[in-house]
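> please find the sequence and the predicted model below.
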Amino acid sequence: MHILHFALDDKFIPLQADMSEEAFPGATQLRILPPDGATTLHTTESASLRHVDADYFDGSAELRADIAQADCVLVHGMTHEFAGALEYVPDAVLVLWGAWGYEYVNELPHLGSGLLPSSSDHQRRLAWRRRLLQVTNADRRRRLIRRLRGRFVPNQTIDRFGLLAAARHLDLVNVNPVDLPKIHAAIPDFTADYHHFAYYTTEDTFAVGVDMAGPDILLGNSASPTNNHIPAMELLKEVDLTGRRIFVPLSYGDDRYARHVAQLGNRWFGDAFVAMIDFLPLADYNEAVSRCGTAILNHVRQQGIGNASMALYKGATLYLRPESTLHPFFTEMGAFVRDVDDLPTTLNDPQSDEQRQANRDVVGEYWSRKRGVDALRGLAPRVAAHQDG
């Protein structure tokens with residue numbers, strides 16, 4: 001049972017490689033597409049992991065040789081490069097798509113832009129500033145683009161044409177089960193069945209470091225406008241925050257949006273607002289947010305499932321939007337979460353010890369390393385059935 005992985009250079013991939021090797025020792029190969037013109041931050045080359053350029057995925061001899069050895073191709077986040085490579089995968093090889101959300105979210109029109117009204121207002125203001133910058137300072141704009149290429153992963157996008165081209169090659173998908181029927185309905189030729197696997201585990205991710213307990217607040221998971229930081233901050237202005245700090249991870253995403261949120265937060269909350277601009281290793285991140293007994297993810301679209309799971313496991317009270325698919329995902333497995341709109345009235349009302357322990361138990365079991373490794377091993381019978389069919 002040989003697995004070939006396609007992935008970007010991302011913080012989730014080292015653990016995925018480790019679990020894949022545990023499931024199938026000596027039978028895992030990873031091909032990593034690094035940031036354009038930048039060094040890799042999260043992955044290191046080894047006997048089973050190679051960094052390749054975009055030409056590798058365009059029908060290269062190396063790609064064809066790798067596919068010839070594979071029983072299963074596992075695609076972590078769909079890009080145009082990965083979608084193109086699937087054209088060279090024979091029907092006998094099982095293809096599993098680890099969907100990251102950004103690929104299909106625009107195909108689910110009921111979610112709209114993912115922005116709440118005040119988020120949209122601020123985005124329009126930022127758009128005008130960007131246009132002014134393009135007109136008045138082209139040299140600065142070019143320097144900014146070059147710097148961003150070195151900081152953020154490129155190619156993490158795919159248009160509808162690319163997704164439709166990939167859909168007919170996909171046999172299995174790992175996605176929030178709540179989203180799967182909507183994706184089936186929205187994307188022609190997409191009939192992939194669900195298959196669970198994990199980008200994080202209780203033992204390797206959530207159990208690392210100390211619990212999240214204390215008066216501070218963790219807001220959002222990235223510098224993406226769909227975090228809807230500003231509407232959440234407007235709600236927090238209605239609450240007495242004496243003795244509390246607000247920690248806001250902004251280390252990846254839209255750099256200009258990150259600066260805007262940081263400036264607004266400092267204006268509204270002063271030193272109590274902590275903008276986390278620089279990327280932190282997991283241990284340092286856990287320490288930084290250890291006093292955050294409250295976590296707020298104000299997304300309309302599904303984002304930050306790892307951050308949400310970590311908060312629940314570590315004992316924080318988690319606030320989600322009711323229209324987010326994460327809300328039923330957690331509540332249907334028996335976890336206790338609160339609605340963001342109730343922040344002004346419930347922020348100072350702690351969850352019970354029983355609720356905290358229930359969250360730890362259900363999240364800990366769902367994301368256990370054993371379950372993650374077993375899910376990868378579970379691909380072997382699905383490959384056999386696929387080849388027989």
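Yep, it's here. Numbers count the residues shown, from 1 in each chain.
> so what's residue 266 up against?
Applying CB atoms under 8 Å, 6 or more residues apart in numbering to residue 266 gives the contacts 273, 275. In short, each C-beta sits where N, CA and C put it, glycine included.
> what about the residue nearest to residue 215 when sequence neighbours are not counted, which SS state?
Once flanking residues are discounted, residue 215 sits nearest to residue 244: 4.7 Å by CB to CB, 6 or more residues apart in numbering. When classified by DSSP: H, G, I helix; E, B strand; the rest coil, residue 244 comes out as coil.
> give me the neighbour count for residue 382.
Residue 382 sits with 16 neighbouring residues when counted by other CB atoms under 10 Å.
> so it: helix, strand or coil?
Three-state assignment for residue 382 (three-state DSSP): helix.
> also the one 5 residues further on?
Of the three states, residue 387 takes helix under three-state DSSP.
> how close does the closest residue to it other than its chain neighbours sit to residue 384?
The spatial neighbour of residue 387 that comes closest, neighbours along the chain excluded (CB to CB, 6+ apart), is residue 92 at 5.5 Å. From residue 92 across to residue 384, the span is 11 Å (CB to CB, to the nearest Å).
> these two: which has the busier surroundings?
Between residue 92 and residue 384, residue 384 has the larger neighbour count (other CB under 10 Å), namely 13 against 10.
> ok, that one - contacts?
Applying CB under 8 Å, 6+ apart to residue 384 gives no contacts.
> quick one: it and residue 20, what's the gap?
Applying CB to CB, the value for residue 384 to residue 20 is 18 Å.
> same check, this time on residue 72
10 Å.
> the closest residue to residue 226 other than its chain neighbours: neighbouring residues, count only.
Spatial nearest neighbour of residue 226, chain neighbours left out: residue 114 (3.9 Å); criterion: CB to CB, 6+ apart. When neighbours are defined as other CB under 10 Å, residue 114 has 21 of them.
> and the one 5 residues further on, by the same measure?
Neighbours of residue 119 under the rule other CB under 10 Å: 22.
> so who does it touch?
Neighbour list for residue 119: 225-226, 228-231 [criterion: CB under 8 Å, 6+ apart].
> what's the helix or strand for it?
Assigned by DSSP states H and E, residue 119 falls within helix 117-136.
> anything in contact with each of residue 72 and residue 20?
Counting by CB under 8 Å, 6+ apart, the residues touching both residue 72 and residue 20 are residue 3.
> what residues does stretch 189-200 touch?
12, 15-16, 19, 96-98, 164, 167-168, 170-175, 177, 180, 183-184, 206, 306, 309-310, 367, 369, 371-372, 375-376, 378-379, 382.
> which of the residues you listed are buried?
Among the contacts of stretch 189-200, the ones that count as buried by 16 or more other CB atoms under 10 Å are 12, 15-16, 19, 96-98, 164, 167, 170-175, 180, 183, 206, 306, 309-310, 367, 369, 372, 375-376, 379, 382.
> measure stretch 266-274 end to end?
One end of stretch 266-274 to the other measures 8 Å (CA to CA, to the nearest Å).
> no, scratch that, I was asking about stretch 97-115
With CA to CA as the measure, stretch 97-115 spans 27 Å from end to end.
> would you list the phi and psi of residue 73?
With angles defined as degrees, to the nearest 10, residue 73 sits at phi -110, psi 130.
> same check on the one 4 residues further on?
Main-chain torsions, residue 77, degrees, to the nearest 10: phi 80, psi 120.
> I'd say it and residue 104 touch.
No: Residue 77 lies out of contact with residue 104 (CB atoms under 8 Å); the separation is 11.0 Å.
> now do the contacts for residue 81.
Counting by CB under 8 Å, 6+ apart, residue 81 has contacts 6, 33, 54, 57-58, 155.
> so it is in which element?
helix 80-85.
> hmm, which of the contacts of residue 81 are the buried ones?
Neighbour-count burial (16+ other CB under 10 Å) is assigned, among the contacts of residue 81, to 6, 33, 57.
> my read: the first one touches residue 76, true?
If I follow you right, that is residue 6. Yes: using CB under 8 Å, residue 6 is in contact with residue 76, at 6.7 Å.
> can you map out the helices along the stretch 101-250 of the chain?
For the stretch 101-250 of the chain, the helices defined by DSSP state H, counting those that start in this stretch cover 117-136, 138-151, 160-167, 180-186, 229-236.
> ranking the ones you listed by mean pLDDT, which is last?
In terms of average pLDDT, helix 138-151 trails the rest of the helices of the stretch 101-250 of the chain, at a mean of 46.
> for residue 101, grab phi and psi.
Main-chain torsions, residue 101, degrees, to the nearest 10: phi 100, psi -40.
> now it, nearest residue through space, not along the chain?
Distances taken as CB to CB, 6+ apart put residue 302 closest to residue 101, at 5.6 Å, once the chain neighbours are dropped.
> got the contact list for residue 159?
Counting by CB under 8 Å, 6+ apart, the residues that residue 159 touches are residue 80.
> what's the spacing between it and residue 302?
Per CB to CB, residue 159 is found 20 Å from residue 302.
> what of residue 5?
23 Å.
> if we can go back for a sec, which of the contacts of residue 119 tops the neighbour count?
Neighbour-wise, these (other CB under 10 Å) top out at residue 229, 29 neighbours.
> pLDDT weak spots in the chain?
Low-confidence segments of the chain, defined by pLDDT under 70: 37, 109-113, 121-122, 124-157.
> what about the strands in the stretch 151-300 of the chain?
Here the stretch 151-300 of the chain has its strands, by DSSP state E, counting those that start in this stretch, at 172-174, 193-194, 217-219, 246-249, 273-276, 294-297.
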